[in-house]
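Student: the following comprises the amino acid sequence and a computationally predicted model.
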Amino acid sequence: MFRRLVPRRFSPDLAALAAVLLVVAGVAPAGAASPGAAPGAPPAAAAPPSGTAPPADPVDPAALAALDRMAAHLAGLRAFEVEATYAFDIVARTGQTVTVDGTVRYLVRRPDRLAATVANDLFARTYLYDGKTLTIASPAEPYYAQVPARPTLRDMLAGVAAEHAIELPSADLVDLGTAEPPSKGITGAFRVGTATVGGVAAEHYAFRSRDRDWEVWIAAGDTPRPLKLTLIDRAQPSRPRYTATLAWTERTDIPDQAFVFTPRPDQTPIAILRLGRTQGSN
């Protein structure tokens, strides 16, 4: 899940976060303090017997249900605007981790219209999809590219990723809940507690999948939209992090023109390299 939310290379130091999550999840069991422990110190967790496998991550069914409820709500939005402020880690050639900040704004009309504006410290891009063609342009560059696209948002996103290695930032927010449930593949899940994000009350959950740890803050009440996301890539030694804070607006007034690209007089078309394979091929 959230595969396109995470840039391909980024990284953080999460020792403090990991410690907090372990405590919140109740990993350290209650018991007597270790011999020689300072008065008032928390009891130490007993070491597992030699040769035994480590305990599995806890999976709270209520956390999975909250995630599926969020996805179902988003799938029911027919036209909306979502703005995200995000930051992700990348590793410089020196080996030092640096943070890149950015913003993305989506206009979406299901099943086949999308406009996205992306700006960060590295680049700025505009993506427009009208049900037939995906256009990619940059406000700072005198060229643009267009590729034929499949006739639904979800198929378009999967197709251009497989055939052209084009992945729109935070694109899972667009098709979340429209296919298999997001809880599929989760190996750990628990409720962290309550929080406030942008002045909105939220429920905070933490999840784990095969190679990622991630958290989501879901708006409380009848509109369970994700207000904040944090993802950690455990497959990389530096454990990079991606964080996004989201603002949602349901829209009924998005005109067709919002998804139409009109090049500037100084812009000329260029081709996009095809990877030589189609979606679903090996």
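Tutor: Done, it's in. Numbering: from 1, shown residues only.
Student: tell me where this protein has helices.
Tutor: In chain order, the chain shows helices spanning 15-24, 61-75, 153-164, 172-175, with DSSP state H as the criterion.
Student: right, and these - which one's nearest V104?
Tutor: When the helices of the chain are compared for distance to V104 using CB to CB, the nearest one is helix 172-175, at 9.0 Å. Every residue, glycine included, has its C-beta placed from N, CA and C.
Student: out of the helices of the chain, the one nearest T243 is which?
Tutor: T243 sits nearest to helix 15-24 of all the helices of the chain, at 11.2 Å, using CB to CB.
Student: show me where the stretch 101-250 of the chain has strands.
Tutor: When assigned using DSSP state E, counting those that start in this stretch, the strands of the stretch 101-250 of the chain occupy the ranges 113-120, 124-129, 133-137, 143-148, 188-197, 200-208, 212-219, 226-233, 241-250.
Student: nearest to Q96, out of those?
Tutor: Relative to Q96, the nearest member of those by CB to CB is strand 241-250, separated by 15.1 Å.
Student: ok, and for that closest one, which residues are buried?
Tutor: For strand 241-250, the neighbour count (16 or more other CB atoms under 10 Å) marks R241, Y242, T243, A244, T245, L246, W248 as buried.
Student: kindly reformat those as CSV containing pLDDT and distance to A165.
Tutor: Written out in CSV, the entries for the buried residues of strand 241-250 read as follows (pLDDT from 0 to 100; distance: CB to CB, whole Å):
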residue, pLDDT, distance to A165
R241, 93, 23
Y242, 93, 19
T243, 94, 24
A244, 94, 22
T245, 96, 27
L246, 95, 25
W248, 96, 29
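Student: can you redo those as TSV with distance to A62?
Tutor: Conversion of the buried residues of strand 241-250 to TSV gives the following (distance: CB to CB, whole Å):
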residue	distance to A62
R241	26
Y242	26
T243	24
A244	24
T245	24
L246	23
W248	23
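Student: in those, find the pair that's most separated.
Tutor: Based on CB to CB, the longest span within the buried residues of strand 241-250 runs between R241 and W248 and measures 22.6 Å.
Student: okay, now the closest residue to I136 other than its chain neighbours: neighbour count?
Tutor: Computed as CB to CB, 6 or more residues apart in numbering, the closest residue to I136 that is not its neighbour in sequence is A145, at 4.9 Å. Neighbouring residues of A145 were enumerated by other CB atoms under 10 Å; the total is 16.
Student: do the one 5 residues further on as well
Tutor: Other residues near R150 come to 19 when the count uses other CB under 10 Å.
Student: tell me the phi and psi of it?
Tutor: R150 has phi and psi values of phi -70, psi 160 when expressed as degrees, to the nearest 10.
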